[in-house]
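**Q** coordinates only, sequence not included:
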DNA sequence: CATGAATGAGTCTTCATTCAT
DNA sequence: AATGAATGAAGACTCATTCAT
């Protein structure tokens, strides 16, 4: 879709490396990931990894950049589909959930990087994340203007929608690994899309104007 | 908890080690943390660290165990203070937020471990986390019975309350590190306690029975 | 010298490579020099470097050979200009100094290779160096015969003239890099040609027959 | 002599490492030297090398520092033995030559570092080298005052004495390695001490006041 | 002639862990 | 309870060299 115009050099090898890197970074974090293992999983010589992309930090930057870009694109596309504030707000975590379905390591990667506080985060990626946050704010303000939503803090709302989605995605992943205890608590959890919808129900219920629901 | 009967050897040294370890694990993750640095920050010889606690995995286990225990205790204590379902539900993320105030590295550590999917997590710690989840469920069911809450998925609600709190705590931490972009988006954010309260307002609004709010 | 009959392939590219190699070998030594950097500075593809010249050792051989050849030629030419023993002796370090002016990295390269003891030195280059040494001896013997010089060890004299010139050339290079201490000691040093002349004054004074200076 | 007061930790291992490092740096230069080989020759684990001393640059700094210190001490001591300007001047290269006899790799190391222009040279070492240069100047000025020497450039004279000594030391080393050509030119060369004396004869002859030699 | 891609052995450095004292 | 020294494996990264095109 985006690469139709020109086939740059080594696109195929480069992509294999980035895919492998995403996996390994997700599994072990930046510090715990091994360049050797990334190369091995990508099926390329370790030196090629440096030739094509650069050092570990550059590798990480590319991976995170691609993922954040993908999410931002997904959210942008989703918002274009409707004008109803509630539907637009719902579209945001849905876009996340859909992206997660294609890239299962995404939540791990995001949680890890957020936890780390972004020391390996290239600046332009931070910009892109802020953009998505800005979309949530725009939707909320719009809903406020139309009288659909009551006034709520956009940052909190954004974190609620996204944070919860990421946590749920992770919880589903952990379900299989903990047969006891924690596993039991997670039994019966639906798929991420369904859970996201139910979560948004709660949130929308919480921020919708009272009169819109019955004169309160 | 288990070792209360007797003050074992080097309690003070042991604690200094665990504190340093918590810091370093939070900053760099399990893989990225270095035993050398933990020892240096604790001001003890590296060999003593092995003598007092054990290897890196044991160290991590102790740290996580202590933190989860502390949170579970805080939540338990908070729930004892009131009978009102809404207040009880609010108490849960509040207990988290309060614990974070004392142990600022807690959210990093939790997010990281959740992202990792718990490969270094001792089983009894998972038990304890499930316990806390169970408390949320109990509060929700109780609220349902009393007619205060409508029926919502307890897992989703728990993750919403806790996940959002953790995300907010981290967002506050990142505010100082990203002067541009992301930083601007985080400007004006209040303190964690205040943010948590506002977040719970939305959630409570979302799960409270309509008639409780005005006959809808 | 051997390839004069025909202009072989890529003379210009070849020369750019050798110039770049001389620079890099001078700066970092044989072990520290990188083929990649040589190629980059020469503005050629790394593979071309192997195509045109050969491996790292061949590259080094060519560079040193060219330089020793250039010096030998310069000394030979200079000796042809006069018959006076003193002037002839002075001509030798002067030829060095003049060559250094055109190829500033020459003393570094020579000092390094001399220090290394010539493990990368092609045999014919050693021959050429011996030749130059032979010229000094010839001049000294000649001066002895004519009664201008007293009998001195030709090897020592040669090393005195050349070694000191090389050291002075390097001292001038270091002057700029050490603003303190060593730098101050080097302040006020003249240019290499002038310094060489003054050094030769001392040496000539030292090896000239006493009676020859009697009326001086 | 200097270490009598206190035996610091790991003095023996540390010294073995430094000795091996001096050898390897002398043979291959900074860039060409391998930490692995240094460790192997010292008979220690590679990690111990970092534990005791530090990285490659620190290792090099220690080696050079020790050598320069040793030379400076030797020169200082030698100058204390006599008041005669000629003898004092002669003492300087003699101290070098004597130091070389004990540490045969010294000239290689010095030539290499001088060639490199001191990029790995710790500042205090440069200070020490400047000190030695200052001693030569002092001796020359003193000789001038006493009417023994004529006025000559102290920097040039210093480089002449030291540079030639270093070159001679190296020439002797190369004698064995080049049976042909260059080797023949070096045949018959005496030992370094003898050569140094003859070199100084020339230099002293060159800088001594004419009238002082009037009756010769 | 020229290039980008590839490789395997090498580089320096740090790791988690243990032991003798 | 405490320490400095030791170790082997692994870490990230670069090297000189070659090949297909």
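**A** Yes, it's here. Computed from a predicted model, the values in this text were never measured in an experiment.
**Q** what's the neighbour count on the one residue in chain A that gets nearest to chain D?
**A** Nearest residue of chain A to chain D: residue A:55, at 18.7 Å (Cβ to the nearest Cβ). From N, CA and C alone the C-beta is placed, and that goes for glycine too. By other Cβ atoms under 10 Å in any protein chain shown, the residues close to residue A:55 number 11.
**Q** same question, the one 5 residues further on
**A** Counted with other Cβ under 10 Å, residues neighbouring residue A:60 total 23.
**Q** For it, which non-adjacent residue is closest in space?
**A** Leaving aside its sequence neighbours, residue A:60 sits nearest to residue A:120 (Cβ to Cβ, 6 or more residues apart in numbering or on different chains; 4.9 Å).
**Q** Make sure that neighbour is indeed in a helix.
**A** No - according to DSSP: H, G, I helix; E, B strand; the rest coil, residue A:120 belongs to no helix; its state is coil.
**Q** OK, contacts around it?
**A** Contacts for residue A:120 (Cβ atoms under 8 Å, 6 or more residues apart in numbering or on different chains) come out as A:30, A:57, A:60-61, A:64, A:113.
**Q** gap between it and residue A:17?
**A** To residue A:17, residue A:120 is 17 Å away according to Cβ to Cβ, to the nearest Å.
**Q** What of residue A:64?
**A** For residue A:64, the distance to residue A:17 (Cβ to Cβ) stands at 15 Å.
**Q** give me phi/psi at the spatially most central residue of chain A?
**A** Residue closest to the average C-alpha location in chain A (Cα atoms, centre = their mean): residue A:96, at 5.1 Å. Note on residue A:96: its backbone torsions stand at phi -60, psi -50 [degrees, to the nearest 10].
**Q** Now do the contacts for it.
**A** Applying Cβ under 8 Å, 6+ apart to residue A:96 gives the contacts A:71, A:74-75, A:162, A:165-166, A:196.
**Q** JSON lines for these, including neighbour count and pLDDT?
**A** Listed next are the contacts of residue A:96 as JSON lines, based on neighbours: other Cβ atoms under 10 Å in any protein chain shown; pLDDT from 0 to 100:
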{"residue": "A:71", "neighbour count": "23", "pLDDT": "93"}
{"residue": "A:74", "neighbour count": "20", "pLDDT": "95"}
{"residue": "A:75", "neighbour count": "22", "pLDDT": "95"}
{"residue": "A:162", "neighbour count": "24", "pLDDT": "96"}
{"residue": "A:165", "neighbour count": "27", "pLDDT": "96"}
{"residue": "A:166", "neighbour count": "28", "pLDDT": "94"}
{"residue": "A:196", "neighbour count": "26", "pLDDT": "96"}
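**Q** Closest one to DNA strand E out of these, please.
**A** residue A:166 (27.1 Å; Cβ to the nearest atom of the strand).
**Q** quick one, the helix or strand hosting that closest one and helix B:154-175 angle?
**A** According to DSSP states H and E, residue A:166 maps onto helix A:154-175. Relative orientation of helix A:154-175 and helix B:154-175, computed by axes from the mean of the first three to the mean of the last three Cα atoms, to 10 degrees: 120 degrees.
**Q** Sketch out the low-pLDDT regions of chain A for me.
**A** Scanning chain A for pLDDT under 70 picks out A:1-10, A:176-190, A:210-216.
**Q** near DNA strand E, which residues of it show up?
**A** By Cβ under 7 Å from any atom of the strand, the residues of chain A that approach DNA strand E are A:9-10, A:13, A:44-48, A:51-52.
**Q** Which members of these occur in helices, if any?
**A** The members of the residues of chain A next to DNA strand E that map onto helices under DSSP state H are A:13, A:46-48, A:51-52.
**Q** before we move on, back to that, can you say which of the contacts of residue A:120 are buried?
**A** With burial judged by 16 or more other Cβ atoms under 10 Å in any protein chain shown, the buried subset of these is A:30, A:60-61, A:64, A:113.
**Q** Just say helix, strand or coil for residue A:147.
**A** Classification of residue A:147 by three-state DSSP places it in coil.
**Q** Could you tell me the phi and psi values at it?
**A** With angles defined as degrees, to the nearest 10, residue A:147 sits at phi 80, psi 10.
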